[in-house]
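> model this:
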Amino acid sequence: MILAFSVAPSGTGNASVSDAVAEAVKVVRASGLPHRTSSMFTEIEGEWHEVFDVVKRATEAVLPFGSRVSLVMKADIRPGFTGELDGKLERLEKAIEEPSTSQTA
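Predicted coordinates:
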């Protein structure tokens, strides 16, 4: 499975949450699972129990930074497939580069 998540504290009295997010990303990086962090989400790939354990620990790492924590998740669950964190993007890039066969002149 690939899971995209965003975790951030609220009730901090501070508009910036970068220190809290950094602690969450450190947990993800230490997990050893394939991952990618962008400006709004972190994607992580693995088995259910692995991925949800990391998300739980990343959320717990953010707890000290505010009075509450917001967690947003989206999952792509595809049993039997691995390497999809990069595989999906590779297929997309290939489709972008190739002319569509469904278009007529």
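> mind showing which ranges of the chain have poor pLDDT?
Applying pLDDT under 70 to the chain flags residues 12, 15, 101-105.
> same thing but 80
The chain contains residues with pLDDT under 80 at 12-16, 99-105.
> and the most centrally placed residue in the chain, what element?
Centroid check for the chain by Cα atoms, centre = their mean gives Glu43 as the closest residue, at 2.1 Å. Counting by DSSP states H and E, the element that carries Glu43 is strand 42-45.
> could I have the helix or strand following that strand exported to PDB, CA atoms only?
Downstream of strand 42-45, the first helix or strand assigned by DSSP H and E is helix 48-62. Output of helix 48-62 as PDB, limited to C-alpha atoms (Å, rounded to 0.1, in the frame of the first residue of the first chain):
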ATOM      1  CA  TRP A  48      -0.600  -2.100   6.500                       C
ATOM      2  CA  HIS A  49       0.900  -2.800   9.900                       C
ATOM      3  CA  GLU A  50       4.200  -1.100   8.900                       C
ATOM      4  CA  VAL A  51       2.700   2.000   7.400                       C
ATOM      5  CA  PHE A  52       0.200   2.600  10.100                       C
ATOM      6  CA  ASP A  53       2.800   2.100  12.800                       C
ATOM      7  CA  VAL A  54       4.900   4.800  11.200                       C
ATOM      8  CA  VAL A  55       2.000   7.100  10.900                       C
ATOM      9  CA  LYS A  56       1.000   6.600  14.500                       C
ATOM     10  CA  ARG A  57       4.600   7.300  15.700                       C
ATOM     11  CA  ALA A  58       4.900  10.300  13.400                       C
ATOM     12  CA  THR A  59       1.600  11.700  14.900                       C
ATOM     13  CA  GLU A  60       2.900  11.100  18.400                       C
ATOM     14  CA  ALA A  61       6.100  13.000  17.500                       C
ATOM     15  CA  VAL A  62       3.900  16.000  16.700                       C
END
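> which strands and helices sit next to helix 48-62?
When contacts are defined as 3 or more Cβ pairs under 8 Å, 6 or more residues apart in numbering; DSSP states H and E, helix 48-62 packs onto strand 2-10, helix 18-31, strand 42-45, strand 68-76. (Glycine included, C-beta is placed from N, CA and C.)
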